[in-house]
Structures are given as C-alpha cells and as structure tokens.
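Participant: I would like the atomic coordinates for the input below:
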Amino acid sequence: MKAIITTTGKDKTGILAEITRYISDANCNVEDISQTIMQGNFVMIMMIDLSRSPLGFAEIKEGLDEIASRSELSIHIQRAEIFEQMHHV
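Facilitator: So this is what the prediction gives:
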C-alpha cells in the first residue's frame with residue numbers, strides 16, 4: 001500500500017530528518033518527495049510505500065500524530081488511492 005504524507009508548519013531545523021527517520025524505522029520507503037519553505041513555513045508532500053512495514057496504516061498514523069504534536073506541525077497521512085481519487089478531474 002502507498003500513502004501520501006503532507007506536512008506543514010513553522011520552519012525549523014530537523015523536520016525532514018525526524019519524519020524520514022520515523023518512516024525508515026517503520027520499514028517504509030519514501031518513493032517521492034517535494035518540500036519547500038514558503039515565507040518561513042515548511043511545506044512537504046511525500047509518497048511512501050508501506051508494503052514492507054510491520055506496522056499497519058493506523059499505527060503509522062499514530063506515530064506521525066505524535067511527531068506533529070511535539071513538533072507543533074500539521075502532519076496528515078492518507079492512502080494514495082484515496083488521495084488520487086480526490087484529486088482526479
């Protein structure tokens with residue numbers, strides 16, 4: 001299964017490192033990533049592959065929610081097929 005993670009928040013050192021470390025520790029693979037800084041705000045979207053992870057989607061979401069809470073970020077994860085259907089014209 002693939003998922004899309006979107007992250008926004010005030011830019012600070014280590015955001016990308018913390019999220020990708022968590023993804024790696026969960027044995028997920030980052031397949032694509034785009035990130036930028038917009039007027040001091042960190043904005044990132046990434047596609048990950050969860051197929052080899054021992055964790056389920058809900059567990060990965062919980063971990064990302066914990067990172068968001070302690071880092072004062074907005075992090076959302078969505079199954080890729082749902083994301084694609086929502087943005088299909």
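Participant: And the strands in the chain, which stretches?
Facilitator: With DSSP state E as the criterion, the chain has strands at 2-10, 29-38, 41-49, 74-79.
Participant: Can I get these in JSON lines including mean pLDDT, mean neighbour count and distance to L64?
Facilitator: Every C-beta, even on glycine, is put in place using the N, C-alpha and C of the backbone. Below are the strands of the chain laid out as JSON lines (pLDDT from 0 to 100; neighbours: other C-beta atoms under 10 Å; distance: least, C-beta to C-beta, whole Å):
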{"stretch": "strand 2-10", "mean pLDDT": "97", "mean neighbour count": "18", "distance to L64": "7"}
{"stretch": "strand 29-38", "mean pLDDT": "96", "mean neighbour count": "11", "distance to L64": "13"}
{"stretch": "strand 41-49", "mean pLDDT": "97", "mean neighbour count": "17", "distance to L64": "10"}
{"stretch": "strand 74-79", "mean pLDDT": "96", "mean neighbour count": "16", "distance to L64": "5"}
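Participant: can you tell me which residues contact the residue nearest to the spatial centre of the chain?
Facilitator: Nearest to the mean C-alpha position of the chain, counting by C-alpha atoms, centre = their mean, stands I5 at 3.1 Å. The contact partners of I5, taken as C-beta atoms under 8 Å, 6 or more residues apart in numbering, are I19, I23, M44, I45, M46, M47, I48, L64, I75, H76, I77.
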